[in-house]
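Chemist: here is a sequence together with a model predicted from it:
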Amino acid sequence: MNSNAMITSVFAIAIAVVALGLCAHQQKQLVLMKEQVSNMSMIMSNSETSRHLVGEQSPSGSTPTDLASTVSNAPPMDVVDTSSASPTPSPLFTCSGDWCTAEDKYFIFPKGVIIGKRNTACNYGQGVLSVDNYNDSEESGGNCAAGDGSIVSGAANSAIGTGSVVTGGSFNGANGDLSVITGGTSNRAEAQYTVLSGGQQNIADGYTSSIVGGYLNRAYNEHATIVGGKGNSATGKISSAVGGYENHAEGDYSFVTGHNNIASGLYSSVAGGSENNANGENSFVAGGNGNNATSLSSSIIGGSKNRIGYKGSYGSITGGRGNKVLRPYGSVSGGKINSARGSYSSILGGENVVVKNKFGTFPM
């Protein structure tokens, strides 16, 4: 084969290759065109359906063109600008399992916080704290923080007064404003600033009165105080009853202890013993049984059934039984059924001795 024939053959082969490539390319173009035609058919079908539906739903006398015009003439909708929106707050707690830790921040609760159970019968105050989960068998809680700024815990306790607090115990009620009960059961803090600590069925009903422990004690006057004991009462201003049983501090600034004693005079005191009475102003009885100091600044120390009458101011009896002082500054020391009836008279011991003279003495 000569060179011209070879060149001719090469060109023929090249033309054949190009023709095959063009065929393959045309096949791909045909496939793409088929896909485009199919997509256009679907779009046209959906458009036709939409126009048909618009035509059906158009009001009488309206046309799709009218609806399009109405839509185009409608006022523009507000567009929310999210570029200036507040950032999403970070979570207040970080939790792991059943435990969560709060952020290192202060938390303000204007209404209050109820921990455990809510007492559905309670009208909670503002800014309160109630811890209530004592009785698992009841659906509703038993504590009630009804006073504004009140705090209550324990079981079946109530804090009714403004700023009142009950920190424990059961069936206690802090009804006075700023009153406090710390433990015990069935105690009542009725007046403002009253305080009860422990005990049972105690009542503090005097302004700033207080009771510490005991049973059935009553502090009824301002600044009155009772410490322990049973059935004691402090009804005088700034009066005190300490321990014992059925003691009564009735006079202002009076003090009583022991058993069934009464200090009814102003600044009077009964220190121990039983069934003693200090009725006179500044009168004093220490111990013994059934002694009665009736007059001003009179005193009886020990003994039994001794008595200083209402005219025996500044009189004194020390021990003995059934002795009497009936005039000012008289004194009897011991003995039995002795009587100092003269002013400044004195008896030292003996029995059934009577001294009537002023400055009289026995023995002579």
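Modeler: Structure received. Residues are numbered from 1 along each chain as shown.
Chemist: check contacts around the residue nearest to Val353 when sequence neighbours are not counted.
Modeler: Spatial nearest neighbour of Val353, chain neighbours left out: Asn338 (4.4 Å); criterion: CB to CB, 6 or more residues apart in numbering. Bear in mind the C-beta positions are built from the backbone N, C-alpha and C, glycine included. For Asn338, the contacting residues are 320, 322-324, 332, 347, 349-354, 362, by CB atoms under 8 Å, 6 or more residues apart in numbering.
Chemist: so how many other residues sit close to Ser96?
Modeler: Each residue near Ser96 was counted by other CB atoms under 10 Å, and the total is 7.
Chemist: quick check: it vs Leu348, distance?
Modeler: Using CB to CB, to the nearest Å, Ser96 is found at 85 Å from Leu348.
Chemist: point out where the stretch 51-200 of the chain drops to low pLDDT.
Modeler: When residues are selected by pLDDT under 70, those of the stretch 51-200 of the chain lie in 51-89, 135-137.
Chemist: which residues in it form strands?
Modeler: 93-96, 99-102, 112-116, 128-132, 144-145, 151-152, 158-159, 165-166, 173-174, 180-182, 188-189, 195-197 (DSSP state E, counting those that start in this stretch).
Chemist: can you list the ones you listed in JSON lines and add distance to His248?
Modeler: JSON lines is the format used below for the strands of the stretch 51-200 of the chain (distance: least, CB to CB, whole Å):
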{"stretch": "strand 93-96", "distance to His248": "56"}
{"stretch": "strand 99-102", "distance to His248": "53"}
{"stretch": "strand 112-116", "distance to His248": "41"}
{"stretch": "strand 128-132", "distance to His248": "37"}
{"stretch": "strand 144-145", "distance to His248": "33"}
{"stretch": "strand 151-152", "distance to His248": "32"}
{"stretch": "strand 158-159", "distance to His248": "29"}
{"stretch": "strand 165-166", "distance to His248": "28"}
{"stretch": "strand 173-174", "distance to His248": "24"}
{"stretch": "strand 180-182", "distance to His248": "23"}
{"stretch": "strand 188-189", "distance to His248": "19"}
{"stretch": "strand 195-197", "distance to His248": "19"}
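Chemist: coming back round to it: and the contacts of Asn338, which two are furthest apart?
Modeler: Distance extremes for the contacts of Asn338: the farthest pair is Gly322 and Phe362 at 15.7 Å, using CB to CB.
Chemist: just to revisit the earlier point, are any of the contacts of Asn338 buried, and if so which?
Modeler: 320, 322-324, 332, 347, 350, 353, 362 (16 or more other CB atoms under 10 Å).
Chemist: out of these, which comes closest to Ser283?
Modeler: Nearest member of these to Ser283, counting by CB to CB, is Lys324, at 15.0 Å.
Chemist: now the closest one: closest residue in space that isn't a chain neighbour?
Modeler: Nearest non-adjacent residue to Lys324, counting by CB to CB, 6+ apart: Ser339, 4.5 Å away.
Chemist: show the pLDDT at that neighbour.
Modeler: On the pLDDT scale, Ser339 is placed at 98.
Chemist: now do Gln26
Modeler: Looking at Gln26, its pLDDT stands at 51.
Chemist: before we move on, what about the one 4 residues further on?
Modeler: In the prediction, the pLDDT value recorded for Leu30 is 48.
Chemist: next one: phi and psi at the nearest residue to Pro363 once chain neighbours are set aside?
Modeler: Leaving aside its sequence neighbours, Pro363 sits nearest to Leu348 (CB to CB, 6+ apart; 6.7 Å). Note on Leu348: backbone dihedrals following degrees, to the nearest 10 are phi -120, psi 100.
Chemist: good, we can wrap up now.
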